[in-house]
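# The following comprises the amino acid sequence and a computationally predicted model.
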Amino acid sequence: MIRRLCCVQSASSSSTSPSLPFSSTPTKKKPLVLLGAPQVSAIVLDALLTASTSPHSSFEVAAIVTQPNARRDRGKKLMPSPLASYALERGFSSHLIFTPERAGDDAFLSNLKALQPELCITAAYGNILPTKFLDIPPLGTVNIHPSLLPMYRGAAPVQRALQDGVKETGVSLAYTVRALDAGPLIASERVEVDDQIKAPDLLDLLFHKGSNLLIRELPSIFDGSARVKAQPQDDSKVTLAPKISPDETWLGFDQEACVLHNKVRAFSGWPGTRAKVLVVDKNGQQKTLEFKIITTRVCSHENVQFNEADDIAFVNGALVFPCGRGTALEVLEVQLPGKKVVNAAAFWNGLRGQKLKTL
């Protein structure tokens, strides 16, 4: 069944379904539909709404398609997606926010056709679009993808790029086809990657760049010239960015420090990275401690001396972990289960003289 987002503050509901909010006054602006869900999708919506208010704008955001309400945060309250929440904050009508379980639902597609969108735009929507969806907008569907396609096709392009330690990535604007992230490229923009940037910050940066790229290219998309100039992707250069599994979150200190540092950056935010260490008290008693590692850097202390090969040292405000091939990793922030993030000094002081060893 097709569902529209309903505001929880509503005091009453009508016994009849609301009609689609069409204006009887003809408009020259081309209707487009945005599909997305997470906070980065709101970056794109903000850019589109701002651009649509320009006196010279040729389009309007006719509707938003997002994920169904879900239980979020610690209270597990039923909440709209971040994109839907932001749309409501901007005064977008709740009747124009659609939340189908699947993009191929017949009732949803019927409502989408009634809107007569010229163009659909996806920005981290997360659902596969079937052919019967792609056939609706005459100008096609365009995707903002946070990588330099054909590299890092898939669900986690930013995370996998950071995990690989890339020095450069970017954002691509491409037409959507049935094959995953394989459509013709309209435009792309390169971005240098700092070795300390984390996935959430890089995602925000790329979607800001992608939004600007989209606004610049919309005139050519609307007049059809973008379709003519779009370049097919080179399939010989394809790399994949599969979804992250929770099992990947553990850090093994037999790996080199740079590998672990890149993993911490890549998995920052969600799902995070976890480690287990041994805590040894003054009597030699041992217990295992598990925590999240939040912030790291590859060790610059070339002369750090470990009493034993598995000892964890504390040097200049950082926990220094011995890693594979004689490398070392500085851990700057950690988080114990159920606790707030603390810096390494506060964590070390809390040990009260106990020793730490890697597992």
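It's in.

# Other residues contacting stretch 218-226?
Applying C-beta atoms under 8 Å, 6 or more residues apart in numbering, the contact partners of stretch 218-226 are 30, 51, 58-59, 118-119, 139, 142, 186, 217, 227, 229. The C-beta positions use only the backbone N, C-alpha and C, and glycine is treated the same way.

# Can you tell me which of those lies closest to Tyr86?
Compare each of the contacts of stretch 218-226 with Tyr86 using C-beta to C-beta and the shortest gap goes to Ala51, at 15.9 Å.

# Quick check: that closest one touching Asn212?
No. Look at Ala51 against Asn212 with C-beta atoms under 8 Å: they stay out of range, at 9.9 Å.

# Could you chop the protein up by domain?
The chain resolves into domains spanning 30-237, 246-358 when parsed by automatic domain parsing.

# longest strand of this structure?
Longest strand in the chain by number of residues (criterion: DSSP state E): strand 286-298.

# Counting by contacts, list what that one packs against.
In this structure, strand 286-298 packs against helix 257-266, strand 273-280, strand 328-335, with contacts taken as 3 or more C-beta pairs under 8 Å, 6 or more residues apart in numbering; DSSP states H and E.

# Tell me how far the first one lies from the chain's centre.
On the basis of C-alpha atoms, centre = their mean, to the nearest Å, helix 257-266 sits 18 Å off its chain's mean C-alpha point.

# which non-adjacent residue is nearest Gly272?
Lys292 (5.0 Å; C-beta to C-beta, 6 or more residues apart in numbering).

# Beta-bridge partners for the one you found, please?
Residues in a beta bridge with Lys292, per DSSP bridges, are Arg274, Gln335.

# Please tell me I have it right and Gln96 contacts Thr66.
No Gln there; residue 96 is Leu. No. Checked against C-beta under 8 Å, the pair Leu96 and Thr66 is beyond contact range at 11.2 Å.

# Would you mind telling me which of these two has the busier surroundings?
Thr66 (27 against 18; other C-beta atoms under 10 Å).

# Let me see the residues that make contact with stretch 146-157.
By C-beta under 8 Å, 6+ apart, the surrounding residues in contact with stretch 146-157 are 126, 145, 158, 160-161, 168-172, 174, 180-182, 185, 188, 190, 202-203, 206-207, 210, 233-235, 237-244.

# Check which residues of the lowest-mean-pLDDT helix or strand in the chain are buried.
Per-element confidence for the chain was summarised using mean pLDDT, DSSP states H and E. The lowest value among helices and strands belongs to strand 70-72, with a mean of 81. With burial defined by 16 or more other C-beta atoms under 10 Å, not one residue of strand 70-72 is counted as buried.

# by contact count, what packs against that strand?
Judged by 3+ C-beta pairs under 8 Å, 6+ apart, strand 70-72 is in contact with strand 77-79.

# The strand it packs on - contacts with which helices or strands?
On a contact count with 3+ C-beta pairs under 8 Å, 6+ apart, strand 77-79 meets strand 70-72.

# Count the neighbours of the residue nearest to Thr169 when sequence neighbours are not counted for me.
Closest residue in space to Thr169, ignoring its immediate chain neighbours: Ala161 at 4.8 Å, by C-beta to C-beta, 6+ apart. Ala161 has 27 neighbouring residues, counting by other C-beta under 10 Å.

# Okay, buried residues for the helix or strand harbouring Ala161 please.
If you go by DSSP states H and E, Ala161 is part of helix 157-163. In terms of neighbour count (16+ other C-beta under 10 Å), helix 157-163 has its buried residues at 157-163.

# chain center to it, what's the gap?
On the basis of C-alpha atoms, centre = their mean, helix 157-163 sits 11 Å off its chain's mean C-alpha point.
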